[in-house]
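Chemist: This is a predicted model, with the sequence first.
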Amino acid sequence: MNGAARAAVACLLAGVAARAAVLDSISVSDFVSAKGYVKYLQLTGLPSLHGPWQLFGLVHNRFDVTLLPNGPFSLTAGMRNRLLYGDVSAGGGDAVLQTSGASGFFGLQRVLSSGQSYRIVTELDRLYLQFASDKFQFRAGRHRVNWGMNLVWNPNDLFNASSYLDFDYEEKQGTDGALVSWYPSVTSQVTAVYAAGDSLAAMGGAALGRWNLWGYDMQVLCGIVKGDGCAGLGWSGQIGGAAFRGELTYFRPVLDKAGRRESVAASVSGDYTFPHNVYVQAGALYNSAGSDKKHDDYSAMPSDGPLAKHLSPAAATLFLECADQITPLFRIDAFAMVNPIDGSGVAGPTATFSITDNIDMDLICQGFFGEANTAFGGYGTIAAIRGKWSF
């Protein structure tokens, strides 16, 4: 991205902020929607109980503003600012909290200041113009494209797939590009997406069709994303009161084929809420690009194509979650993700306390287990306490 383009983006952001300030000063709240939060996270990484611990602190502020003038157009900007301190020089901070380098085609992330034990990072992860009517929607800029049907693994999510284990980024990454959707009826949709890139192999373009059939939401998709031709299908419905979802995508390299291979990723899941608010979810993922060996060199596993192609390093992964809303203000959630081939996995509980209407506290733990050179072995345990004030 050249200097002129960066300056244009900066001017656009300044315009958003200035417009929001002016509208707020004259109390025209109908034209401005604003929200945000401030979070504090204290995270401890324990490679082993008796070895050296890694300590991270994170102060995280987010602010989202949408300008809603009369008519079908709107402009949305979302910024997050983070202060990370602790053992950032060890590299773990970047791995867990994603604070290194520029993000996306437009590079709207900046490390404002850094040292041996701290880093200050700011990022615009949403910045888009939208046109919306009864039948059409158009977006251009940085926005999230979510094509997933499942709740844990999304092989259909060609542009913005994410990891279930990334617990501190609810909004998830966005895509720099354009989207256009047509809604022929209340139960059908046709969408096309273009994702910008520095090269032909880094770009992406795909289309999705969605409709309701036999009480199920069905979808099919195809396109070329990050050098891979992709074709997939997904569904979401119910069986006996329990949700039943599935996704399957076929990936085939079509650009820069050297060292790359075709693969299939498929996930299926079901979830059910019992009386007294007890929630259970179970799912499975098959990834033909993953390892089917008892021991393997996972550091050398391929990472070509979109992230949806590499949702797990293992060929098979199972998932189970159980949650209980014990009181209106207290919820406990526990999950386990296991590779049945090598016996490794990750499991942990989360306890959420609603202190007031806009203040929450979470206690989070993720414990990895397994032998050396297995899919989840060797990562130790992550424990965190997080407070969040929303406004």
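Modeler: Looks like it arrived, so ask away.
Chemist: Helices of the stretch 1-150 of the chain, start to end?
Modeler: 3-25, 92-97 (DSSP state H, counting those that start in this stretch).
Chemist: Which of those helices has the lowest mean pLDDT?
Modeler: Of all those, the minimum mean pLDDT falls on helix 3-25 (a mean of 40).
Chemist: Please report the number of neighbouring residues for Tyr286.
Modeler: Using other C-beta atoms under 10 Å, the number of residues around Tyr286 comes to 18. All C-beta spots, glycine's among them, are computed from the backbone N, C-alpha and C.
Chemist: Against Thr317, how distant is it?
Modeler: Here Tyr286 is placed at a distance of 8 Å from Thr317 (C-beta to C-beta, to the nearest Å).
Chemist: Over to Arg80?
Modeler: 30 Å.
Chemist: more crowded one of the two?
Modeler: Under the criterion of other C-beta under 10 Å, the comparison of Arg80 against Thr317 puts Thr317 first, with 26 against 21.
Chemist: got a list of contacts for stretch 286-293?
Modeler: 251, 261, 263-267, 298, 301-302, 309-317, 341-342, 375 (C-beta atoms under 8 Å, 6 or more residues apart in numbering).
Chemist: quick one, what contacts Gly223?
Modeler: Applying C-beta under 8 Å, 6+ apart, the residues contacting Gly223 are Leu158, Val193, Gly204, Gly205, Ala206, Ala207, Gly229, Cys230.
Chemist: excluding its backbone neighbours, what's nearest Phe376?
Modeler: Ser344 (4.0 Å; C-beta to C-beta, 6 or more residues apart in numbering).
Chemist: my read: the one you found touches Ala375, true?
Modeler: Yes. In this structure, Ser344 is within contact of Ala375 by C-beta atoms under 8 Å, at 5.0 Å.
Chemist: Could you check which of the two is surrounded by more residues?
Modeler: Set Ser344 next to Ala375 and count neighbours by other C-beta under 10 Å: Ala375 wins out with 28 against 25.
Chemist: ok, what's across the strand from the closest residue to Leu75 other than its chain neighbours?
Modeler: Leaving aside its sequence neighbours, Leu75 sits nearest to Leu67 (C-beta to C-beta, 6+ apart; 4.5 Å). Here Leu67 sits in beta bridges with Val32, Leu75, going by DSSP bridges.
Chemist: Val190 against Ala206, yeah?
Modeler: No. Judged on C-beta under 8 Å, Val190 makes no contact with Ala206 at a distance of 12.0 Å.
Chemist: what about those two, which has more around it?
Modeler: For Val190 versus Ala206, neighbours defined as other C-beta under 10 Å are more numerous around Ala206 (23 against 14).
Chemist: where does the stretch 51-200 of the chain dip in pLDDT?
Modeler: Applying pLDDT under 70 to the stretch 51-200 of the chain picks out residues 88-103.
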